[in-house]
Structure formats: structure tokens, C-alpha cells
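Enquirer: need the 3D shape of this:
(one chain, ligands or ions: 1)
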Amino acid sequence: MADAPNPFQLPNITKFKIALCQLSITSDKNQNLDRASRSIRLSVEQGAKLLVLPEMWNCPYSSDYFAKYAEDFDNRDASPTLSMLSEAACCHGITIIGGSLPEWDHGRLYNTCCIFGPDGRLKAKHRKIHLFDIDIPGEISFKESDTFTAGDQPTIVDTVGRIGIGICHDIRFPELAALYRKRGVDIICYPGAFNVSTGELLWELVQRARAVDNQLFVATCSPSRNSTGSYTTWGHSTLVGPSGEIIVTSGHEETTVIAQIDYSNIQLQRKSLPLDDQKREDIYKFIDAHELNP
Ligand SMILES: NC(=O)CCC(=O)C(=O)O
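Expert: Numbers count the residues shown, from 1 in each chain. Predicted coordinates for the structure are as follows:
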């Protein structure tokens, strides 16, 4: 007898709606969870199948809060945030790229993105690989590495297409995006909380660069701006297409952005401009070796 169809088995979806839930974050964790639930519900009502939440959305983005708000993901009874995400993914039959959250694991703290599939199961965890340490005198000083341990793995999940994950500062490193491209990723999702000092000049630039270099989709989701805290986020959650075009973007206020993704545009773009075939690894290798051994 044939197996009963698995209701959670995803067909090979190439066209679907994505939601970027740009949330306002407060110091009240329950309120943050309620806001996220509401935005998830709104996204589903508008037909979204893939949802992205911001970096650090259950907790203010501040070293003073990370440890206090952190949850042990292996102990679901002590992890209200993961329970909510899992229930929402399962109840609505959607994939949630769960932004990022402070995670406790064996006495260490990580900046971690959890990805839930439509059956509500945790499909993967991405721990931020490149921690954000910056010091621009008179403008911004922040040192994630004082609090967090860096992750050491790229993360790819297969749900609605093949998805690569990065968290905020990870977007500045083209090598990670190129690795995802090599492994057949269709879209890279970067929950982020770029700051106002670097955001204006760079946020759009790095998203479009990662998309156009690798001819794939890039989706970002930020918290909305709150100018009263110690760290002011830039906002501007965005979806970029495989030729570097901005499909949709937001301002800095709280909002839920919905957009249509069509993965067939990736193949179209790669067919008309076959960058992969045009690459000259022979020359890059030669230059590398020559510079090391002139
Ligand atoms: N949360 C972050 O990783 C911020 C990254 C950022 O603002 C940057 O300029 O890089």
C-alpha cells in the first residue's frame, strides 16, 4: 500500500510570497512575543509562505540585555520564544526564519537564528559567525564579542527552495554568500539590526552586492527604529532580486512587508549572464599563489 501523503512535504514551490516582519522591540519580552505573533498572523492572512523576523526581536539590542533575555533552546519549557515560533509555524503551515535571539548553551551565549518548517519542527539553528565589533569614535562603539561566542557553521535549509542564513554583520562577508551560491542556495535571509551610522551608506549596498554577485535573492529584516535606546537601528527591511534590483523595501517604522518571489528569475538571470561559466578560477588561483610566493 502506498504511503499516505505527508501534509508537510513541500512541493517544489518556485513562486510564493515572503513577509519581512519589521517589529518594534521593547524591553517587555511578552509584548515582543505578542507583536511578533500579530505580525505573523497578518503575514499569513496576506498569503505569505516564508516569514523573516529581525535580529534580536525578543530583547533590546544591547549588551545589558542579551544574557537576561537568553533562553536555553534545548529546554522548551524554559523557552517561550521558541514555543511560540514552533506553534505559529505549525498552526499556519509556514516556514519561519526566526530572526535572532540570545541563546544559552552550556554557559555560552550565542546570537542565534532558529528556522522552523511548516510542521513546526526546528529545522536548523544559525549562530552568528561574524560578531559585530565596531568603534567609530564619537559615533558608535559596540562589541558583540564581549558577550557572544561566534558560531562556526554556515546554515542551509530546504523548505520553500534552498535558503542560506546569515545574521546582520555576516552580510559584510562576501565569502559566506559565495559559499551559499556554490551550494545551490536560491535566497539568503539575513535577519539584521544595522545601525544608523553605517546603515545609510552601506545597508542597501551590501544587500544588492550579495544578490548581484551571486545571482540569487537576498531578504533582510530589521527591527523598526527606536531612537530612545542605546543603539539606534537603521530599519529598511528589503527584498533584492537576482539582478540586484530592489523588489520591495520599507522605511524605518514598524511594518510588515509582503512581496512575491519567483525563483525562475534566478535561472533567467544566470542564463542571460552566465557569471559562473565566466569565472576565471585559474587566474585567481595563479595570482593568489604568486603573491604568496613571488
Ligand atoms: N548587528 C549587527 O551586526 C550590526 C552590523 C552593522 O551595523 C554593520 O555596520 O556591520
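
Enquirer: all contacts plus neighbour counts: C-alpha atoms, from now on.
Expert: Fine.

Enquirer: now stretch 244-259: average pLDDT?
Expert: The average pLDDT within stretch 244-259 is 98.

Enquirer: buried residues in stretch 17-33, which are they?
Expert: Neighbour-count burial for stretch 17-33, counted by 16 or more other Cα atoms under 10 Å, picks out 17-26, 29, 32-33.

Enquirer: likewise stretch 97-107?
Expert: So, applying 16+ other Cα under 10 Å, buried residues of stretch 97-107: 97-104.

Enquirer: so where do the helices sit in this protein?
Expert: Assigned by DSSP state H, the helices in the chain fall at 29-45, 66-69, 80-92, 174-182, 196-214, 264-272, 275-278, 281-292.

Enquirer: quick one, grab the pLDDT at the residue nearest the centre of the chain.
Expert: Centroid-nearest residue in the chain, with Cα atoms, centre = their mean: residue 190, separated by 2.5 Å. Listed pLDDT for residue 190 reads 98.

Enquirer: residue 207 too?
Expert: At residue 207, pLDDT is 98.

Enquirer: with residue 287 instead?
Expert: pLDDT at residue 287 comes out at 70.

Enquirer: what is the burial count for it?
Expert: Using other Cα atoms under 10 Å, residue 287 has 13 other residues around it.

Enquirer: one step back: contact partners for the residue nearest to the centre of the chain?
Expert: Counting by Cα atoms under 8 Å, 6 or more residues apart in numbering, residue 190 touches 165-168, 170-171, 218-221.

Enquirer: out of the residues you listed, which is most surrounded?
Expert: Ranking the contacts of residue 190 using other Cα under 10 Å puts residue 221 first, with 34 neighbours.

Enquirer: in TSV: the contacts of residue 190, plus distance to residue 242 and pLDDT.
Expert: As requested, these are arranged in TSV below (distance: Cα to Cα, whole Å; pLDDT from 0 to 100):
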residue	distance to residue 242	pLDDT
165	17	98
166	17	98
167	20	98
168	19	98
170	19	98
171	16	98
218	8	99
219	11	98
220	14	98
221	18	98
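
Enquirer: specify which member of those residues is nearest to residue 197.
Expert: residue 168 (14.5 Å; Cα to Cα).

Enquirer: doesn't residue 192 make contact with that closest one?
Expert: Yes - counting by Cα atoms under 8 Å, residue 192 is a contact partner of residue 168 at 3.9 Å.
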